[in-house]
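**Student:** generate a structure from the sequence data that follows.
(chains A and B)
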Amino acid sequence: GDSVTQMEGPVTLSEEAFLTINCTYTATGYPSLFWYVQYPGEGLQLLLKATKADDKGSNKGFEATYRKETTSFHLEKGSVQVSDSAVYFCALSDRSGGGNKLTFGTGTQLKVEL
Amino acid sequence: GAVVSQHPSRVICKSGTSVKIECRSLDFQATTMFWYRQFPKQSLMLMATSNEGSKATYEQGVEKDKFLINHASLTLSTLTVTSAHPEDSSFYICSASRSTIITDTQYFGPGTRLTVL
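**Tutor:** Predicted structure coming up:
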C-alpha cells in the first residue's frame, strides 16, 4: 500500500537558518504530493502541493520539488522564522485509489529559536 | 481560506457511553468529508470517507458499528463513538473537500480530544 516516511523530529533551528525536512513515499500509482502544517492549537493547513513529477510547490518561502526518480518531496526554506514553529506533515493522494484520500507521514515538529 | 470547525474541542466521558463529534464547513459546501484519528506522535490515520447523502466508506480495520458517521448535509458531518472504551481515547480530526478530485484541497478542522475514563 501507499506510505509516507518523514524524518523524525523535533528539529530545532535558530532563526534565519536553512531548513530541510525529508519526505519519501511509496505509491502504486501516480500520486499528488502535499505538505501540511499544523500550528499549535490549530487544524492542519495546506502549505503547498505538487501534482506531477518535477513540479515545484511553493508558499510562504517554503518549497518542495516532486522527484519521481528518488520518490521524494523534501521541504525546504532558506531562512526560518520563529513563527514557522509548527508540526509539518508530508502526504500523498494516489490517483489509482480514486478520489482524494490522503496518506500522511508521522509529522515533523519544527522549533525555531531566537 | 475555507474554514472547518469541530465541536466539541475536548470531551471526557465514562466508559460505555456514546459521544458525538460534529464537523462543519462554515463557508463552503463539502461534497466529501473525512474522519481521521491521530495517536500521540503518530500520523493521522484515515477512518472513513463520507459523501453527502451516502453511506460512509470505512477503512480496513475500522468498526463501522462503533464509529457511526452521518453526512446529512453539505456542511455537516457527525462522528458518533458508540459504547466508548478507554482504548477509544484519541484525537479525532475531520476534513472537508469541495469535491473528490484528487488535487482538490482538504480543509481540516482543529480536532477533538476524546478521553474515555
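**Student:** quick check: residues of chain B near chain A?
**Tutor:** B:1, B:4, B:6, B:32, B:34, B:41-44, B:46, B:49, B:93, B:95, B:97, B:99-111 (CB under 8 Å from any CB of the partner chain). The C-beta positions use only the backbone N, C-alpha and C, and glycine is treated the same way.
**Student:** for the residue nearest in space to the middle of chain B, report the pLDDT, please.
**Tutor:** The residue lying closest to the centre of chain B (CA atoms, centre = their mean) is B:W35, at 3.3 Å. B:W35 carries a pLDDT value of 95.
**Student:** quick one, which of the residues of chain B next to chain A are buried?
**Tutor:** Among the residues of chain B next to chain A, those scoring as buried are B:4, B:6, B:32, B:34, B:43-44, B:46, B:49, B:93, B:95, B:97, B:102, B:104-111 (criterion: 16 or more other CB atoms under 10 Å in any protein chain shown).
**Student:** returning to that earlier point: quick one: list the elements packing against the strand or helix carrying the residue nearest to the centre of chain B.
**Tutor:** Per DSSP states H and E, B:W35 falls inside strand B:32-38. Where contact means 3 or more CB pairs under 8 Å, 6 or more residues apart in numbering or on different chains; DSSP states H and E, strand B:32-38 is packed against strand B:19-25, strand B:44-51, strand B:67-73, strand B:76-81, strand B:90-97.
**Student:** dump the ones you listed to TSV, plus mean pLDDT.
**Tutor:** Shown next, in TSV, are the helices and strands packed on strand B:32-38 (pLDDT from 0 to 100):
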stretch	mean pLDDT
strand B:19-25	96
strand B:44-51	90
strand B:67-73	91
strand B:76-81	96
strand B:90-97	94
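**Student:** got the contact list for the residue nearest to the centre of chain B?
**Tutor:** B:C23, B:L46, B:M47, B:A48, B:S50, B:F67, B:I69, B:S77, B:L79, B:Y92, B:I93, B:C94 (CB atoms under 8 Å, 6 or more residues apart in numbering or on different chains).
**Student:** and these, which is closest to chain A?
**Tutor:** Comparing the contacts of B:W35 against chain A with CB to the nearest CB places B:L46 closest, at 6.2 Å.
**Student:** same for the lowest-mean-pLDDT helix or strand in chain A, what does it pack against?
**Tutor:** One helix or strand of chain A scores below all others by mean pLDDT, DSSP states H and E: strand A:102-104, with a mean of 89. Secondary-structure packing of strand A:102-104 (3+ CB pairs under 8 Å, 6+ apart): strand A:3-6, strand A:86-94, strand B:44-51.
**Student:** just the residues contacting the last one, thanks.
**Tutor:** By that I understand strand B:44-51. So strand B:44-51 is contacted by A:44, A:89, A:99, A:101-104, B:31-39, B:56-59, B:62, B:64, B:67, B:69-71, B:77, B:79, B:93, B:100 (CB under 8 Å, 6+ apart).
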